[in-house]
Structure formats: structure tokens, C-alpha cells
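Undergrad: Task: produce atomic coordinates for the following.
(2 chains)
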Amino acid sequence: QSVLTQPPSTSGTPGQRVTISCSGSSSNIGSNTVNWYQQLPGTAPKLLIYSNNQRPSGVPDRFSGSKSGTSASLAISGLQSEDEADYYCAAWDDSLNGRWVFGGGTKLTVL
Amino acid sequence: QLQLQESGPGLVKPSETLSLTCTVSGGSISRYYRGWIRQPPGKGLEWIGSIYYSGSTYYNPSLKSRVTISVDTSKNQFSLRLSSLTAADTAVYYCARQGATVVSSFDYWGQGTLVTVSS
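TA: Numbering: from 1, shown residues only, chains lettered A, B, ... in the order given. Model prediction:
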């Protein structure tokens, strides 16, 4: 059971906009920033969004992040076939002397 | 381009201790935190712990009694030891760089190494 809650799966067609939600609590998302990772099949996770809504160099602006209260969202616009991957949210949790917590991951299928 | 590479045994027996090393090349991460994350086959990501160049550590409370993370700045390496292994520890183990604080994101990752716990 993951500390952060994500939908197990979502799907969309090319060109569509999809969003992935991430729900937490006051000890993690409510008091710290959220990061998003993209994991393509058979590869290591890649940082996609940091500090709620910042994109590392090289990440297309089709990817955007937002946070409100104890929830966060990742939006992907202009969906492309190469966006098919697992997406994970993560946040620092202030409980138990501090720890990183992840969502269970959302499998995005491009139809 | 900064690169991280995990190394260690692919197969470990139950009750034994796993030792993995992460070697950093293409740059120094001396004043950065660095961490270990694992992913059981077909499952999600689990943070194991993080360490600063000074040796300051943070561990996942659920693994703390079995985990030791150390750093060797002269070799640009850091290591993970996980004791009392069971089949539940079978996973791909990743090392990753963070920023200047433990709450910084993991921005560079190794390719991961699969560790199987089996007799």
C-alpha cells in the first residue's frame, strides 16, 4: 500500500490531453513539493517534474505539474506514442523522522 | 554527462547480506545527497535511504534496522549494505543523485541492477 495514491492506469489517444492525479496528506504533499518520474519500459526512472511544476532541461513543455493542498497532478498535452510509460509521483514525508514516499505508479497507454 | 553505475552480485542467498556499489563518472557529486531506490519486479518504487558527502544518512524506517549506506568521496562512490535478506528483497536496485538537501529530487539515475534473493 503506497503512501501516495495514484490511479493504476489511464489511457488516451494521440494529440489528447491526459492528467494523472496523486493524493497524499498533510505530512507529505501538504508540506513539501512534489516530483514526477517517467519510467519507459525496461528503463530507469527519469525525472520529469520537480518542485511541483518545474521541468528539467530537455523535458518538453507538453508535460506540466501542479499542486493544491494535499494533492498533485501531472498533465500531458498533445499525447504521443512515446509517452506510453509508467508515471510516479514522489514527495518527502515529514513523519517518522523523514522519508521519501512514492505513489504506486500509473500506467499510461496511448491507444 | 553525469553517469551512475550500480555494481554487485545478481544472486544472493536468503539471510545473507547484499553489498552494492554505485560509481559516479563524468562529474563529481561531492556536495550532493545521493540515494538508493529499489523496485520489485512488476511493482512500484521504494526509497531505501540517502547519504550526504559528509556521511549524514537518512533511512527508510521500514528498512532502517537492516540498512547501511556509506560514501567514499575519494573514489566518487557510495555503497549499500542490506542484511538478513529474504525473497521480498528481490528487486532492481537503483542509485541516484539528489540535490544539496535530502528533500531534493532524484535527478540522475543509474541503469539499475537486478538482485535476486534465492537459495
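
Undergrad: Can you tell me the SS state at the residue of chain A found nearest chain B?
TA: The nearest approach of chain A to chain B comes at residue A:100, 3.7 Å away (Cβ to the nearest Cβ). C-betas here are computed from N, CA, C, even on glycine. Under DSSP: H, G, I helix; E, B strand; the rest coil, residue A:100 falls in the strand class.

Undergrad: which one is it nearest to, not counting chain neighbours?
TA: Among residues not flanking residue A:100 along the chain, residue B:47 sits closest, at 3.7 Å (Cβ to Cβ, 6 or more residues apart in numbering or on different chains).

Undergrad: Identify all residues paired with that neighbour through a beta bridge.
TA: Beta-bridge pairing for residue B:47 (DSSP bridges): residue B:37.

Undergrad: same question, residue A:36
TA: With DSSP bridges as the rule, residue A:36 is bridged to residue A:49, residue A:89.

Undergrad: burial of it, as a residue count?
TA: 28 (other Cβ atoms under 10 Å in any protein chain shown).

Undergrad: residues contacting it?
TA: By Cβ atoms under 8 Å, 6 or more residues apart in numbering or on different chains, the contact list for residue A:36 reads A:22, A:47-50, A:63, A:65, A:72, A:74, A:87-90.

Undergrad: Let me know whether residue A:89 touches residue A:38 as I believe.
TA: No: look at residue A:89 against residue A:38 with Cβ atoms under 8 Å: they stay out of range, at 11.2 Å.

Undergrad: Between the two, which is the more surrounded one?
TA: Between residue A:89 and residue A:38, residue A:89 has the larger neighbour count (other Cβ under 10 Å), namely 33 against 20.

Undergrad: Write out the residues of chain A neighbouring chain B.
TA: Selection of chain A residues close to chain B by Cβ under 8 Å from any Cβ of the partner chain yields A:2, A:32-33, A:35, A:37, A:43-47, A:50-51, A:56, A:88, A:90, A:92, A:96-105.

Undergrad: where exactly do the strands run in chain A?
TA: Using DSSP state E, the strands found in chain A span residues A:9-12, A:18-23, A:34-39, A:46-49, A:63-68, A:71-76, A:85-93, A:99-102, A:106-110.

Undergrad: Give me every residue in chain B lying close to chain A.
TA: Neighbours of chain A within chain B, by Cβ under 8 Å from any Cβ: B:35, B:37, B:44-47, B:50, B:58, B:60-61, B:94, B:102-103, B:105-107, B:109-112.

Undergrad: Just the buried ones from those residues, in ChimeraX syntax?
TA: In ChimeraX, a selection of the buried entries from those looks like this (16 or more other Cβ atoms under 10 Å in any protein chain shown):
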select /B:35,37,44,45,46,47,50,58,60,94,102,103,105,106,107,109,110,112
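
Undergrad: So which of the residues of chain B next to chain A are in strands?
TA: B:35, B:37, B:46-47, B:50, B:58, B:94, B:109.
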